[in-house]
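Asker: Have a look; sequence and predicted model below, questions after that.
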Amino acid sequence: MKQIFSQELKTRQINIGSESWSSHPIRWYSDEVPISQHNLILVGDAAGIEPAFGGGIHMALSYGEIAARTLIQAFQSSNFTFRHYKQAVMSHFMGGHIKACTRLASKLYGGEEDPLRSLVGHFLAGQFGSRNLLSLLLGPDNAEYNKAASKGTNIK
Ligand SMILES: Cc1cc2nc3c(=O)[nH]c(=O)nc-3n(C[C@H](O)[C@H](O)[C@H](O)COP(=O)(O)OP(=O)(O)OC[C@H]3O[C@@H](n4cnc5c(N)ncnc54)[C@H](O)[C@@H]3O)c2cc1C
């Protein structure tokens, strides 16, 4: 990655000399990492982006709703342990989205799935929920999509 970036800079006549640079992955949501403790809840990027495509705007909006409800309940019950916050996140429709994206991320970055197909499928699933359309757009070379398309099955 550094090599590609460095070459790209050179083509633009940008010389960064001997300065050192480093990169790190953005934090993504993980089941194993806590997102709340007594008197504290994490939202949006602080809780983690979705790990497949790195989107975070839609999740930040959902977190706003969940956090607002959580805080209202906490003040109403004078209980600020936030023990059930993660459960509230995961039972929201955004939680389902996180789970689906987490499964997809492991396939994508484990080399099991073609990123372009997944990206298009991801958006079409949200927009139309139909494998037939996906198969139509991406061509007839994907056995799984074709099988589902011939049965008229919806994208999961
Ligand atoms: C270059 C780039 C492109 C992106 N493209 C997309 C995209 O196409 N689609 C998508 O879904 N997501 C995208 N994202 C991710 C998306 O922007 C974030 O996931 C989303 O904005 C997170 O919202 P947030 O409210 O959690 O955090 P933020 O939007 O980062 O808001 C945090 C706010 O807190 C403020 N703040 C920080 N520290 C303090 C402090 N100590 N006191 C007071 N205020 C403080 C900051 O100034 C900021 O305004 C992109 C991100 C980047 C960087």
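Answerer: Structure's in. What do you need?
Asker: ok, and the closest non-adjacent residue to the residue positioned nearest the centre of the chain?
Answerer: Central residue of the chain (CA atoms, centre = their mean): residue 50, 2.0 Å from the mean position. The shortest distance from residue 50 to any non-neighbouring residue, by CB to CB, 6 or more residues apart in numbering, is to residue 101 (4.0 Å). Where you see a C-beta, it was placed from the backbone N, CA and C, and this is true even at glycine.
Asker: re earlier: any idea of the pLDDT on the residue nearest to the centre of the chain?
Answerer: Predicted confidence (pLDDT) for residue 50: 86.
Asker: That one contacts residue 62, doesn't it?
Answerer: No - contact between residue 50 and residue 62 fails when scored by CB atoms under 8 Å: they sit 10.7 Å apart.
Asker: mind saving the C-alpha coords of stretch 43-62 as CSV?
Answerer: What follows is stretch 43-62 as a C-alpha-only set of coordinates in CSV (Å, rounded to 0.1, in the frame of the first residue of the first chain):
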residue,chain,number,x,y,z
VAL,A,43,-22.0,5.9,19.5
GLY,A,44,-21.1,6.1,15.8
ASP,A,45,-17.5,5.8,14.9
ALA,A,46,-16.6,5.5,18.5
ALA,A,47,-18.6,2.3,18.6
GLY,A,48,-17.2,1.2,15.2
ILE,A,49,-18.1,1.5,11.5
GLU,A,50,-19.6,-1.5,9.7
PRO,A,51,-16.7,-3.7,8.7
ALA,A,52,-17.5,-4.6,5.1
PHE,A,53,-17.6,-1.3,3.2
GLY,A,54,-16.6,1.1,6.0
GLY,A,55,-19.9,3.1,6.0
GLY,A,56,-20.7,5.0,9.1
ILE,A,57,-23.1,7.9,8.3
HIS,A,58,-26.2,5.7,8.3
MET,A,59,-25.0,3.9,11.5
ALA,A,60,-24.3,7.2,13.2
LEU,A,61,-27.9,8.3,12.6
SER,A,62,-29.2,5.0,14.0
